[in-house]
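Peer 1: predicted model follows, preceded by the sequence.
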Amino acid sequence: MQNKALRFIALLLAAASLSFAGNLYASEEGVAPEEAAVQQDPQQTPPPAAEERPSLLERYTNNAHDLLLKGLQMVGVKYRRGGTDPDAGLDCSGFVQLVFRDALNVILPRTSREMSQIGEIVARDQELRPGDLVFFNTMRRAFSHVGIYLGEGRFLHSPRAGSEVRVEDMQKSYWLQRYNGARRLVRSS
């Protein structure tokens, strides 16, 4: 029963973060350069009107939405050092790797340190977006822990032995003191 309650709360947080993301990026519109350069064949059906095409926001939030929903499905899965299987348990990087693979078909490196080397660096003064990887120094070395940013200062992760995948508040002093940075891997589709 407690696990179902945690999953329900996590889903509510994800919905709120996606709504928040929509407010942040609602002004971003755009057509991919390759779409703009294509000449229309007069025999073909005309392209949908601009308002019918998915906006940059919609394409981005679809990927982020899939990623967050898959991550939230893992809430309650036990931690296991070196774990890559949800039935046996997941460590932090195994959790992130599984979520990206299953939600977006993206294969990530195995360790948090290796993950910290890929994607676009998110500068400290830049706004985090749902789906960004967030890194922490939890073992007296940089980038020793990774999670997935949900929005509104919260992230999903598999914290430590005796624990399980859960949603955490990044504004807690423990996480603020150990924050190493973020990487952006989720792009518009």
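Peer 2: Yep, it's here.
Peer 1: and Asp66, what is it in contact with?
Peer 2: Residues in contact with Asp66, defined by CB atoms under 8 Å, 6 or more residues apart in numbering, are Ala103, Leu104. In this view, the C-beta of every residue, glycine as well, is placed from N, C-alpha and C.
Peer 1: need the three-state assignment for it.
Peer 2: helix (DSSP: H, G, I helix; E, B strand; the rest coil).
Peer 1: for it, give me the pLDDT.
Peer 2: Here, the pLDDT recorded for Asp66 equals 93.
Peer 1: any idea how far Ser158 is from it?
Peer 2: Counting by CB to CB, to the nearest Å, the separation of Asp66 from Ser158 is 19 Å.
Peer 1: okay, now the unreliable bits of this protein?
Peer 2: Across the chain, the ranges flagged by pLDDT under 70 are 1-61, 188-189.
Peer 1: can you do 50?
Peer 2: 1, 5, 8, 11-42, 44-45, 189 (pLDDT under 50).
Peer 1: what segments of the protein are helices?
Peer 2: 2-25, 33-37, 56-73, 92-104, 112-115, 173-178 (DSSP state H).
Peer 1: residues in contact with Arg124?
Peer 2: Contacts of Arg124 (CB under 8 Å, 6+ apart): Gly181.
Peer 1: tell me what Gly181 is bridged to.
Peer 2: Phe135 (DSSP bridges).
Peer 1: what sits against it?
Peer 2: Ser116, Ile121, Val122, Arg124, Val134, Phe135.
Peer 1: from those, which two are the most distant?
Peer 2: Ser116 and Arg124 (14.8 Å; CB to CB).
Peer 1: can I assume Leu185 is in contact with Gln117?
Peer 2: No - with contacts counted by CB atoms under 8 Å, Leu185 stays clear of Gln117, the gap being 11.6 Å.
Peer 1: who has more neighbours, those two?
Peer 2: Leu185 (19 against 10; other CB atoms under 10 Å).
Peer 1: got a list of what the more buried one touches?
Peer 2: Leu185 neighbours (CB under 8 Å, 6+ apart): Phe100, Val106, Leu108, Ile118, Gly119, Glu120, Gly131, Asp132, Leu133.
Peer 1: on that earlier part again, most neighbours among the contacts of Gly181, which one?
Peer 2: Val134 leads the contacts of Gly181 on contacts (other CB under 10 Å) with 24 neighbours.
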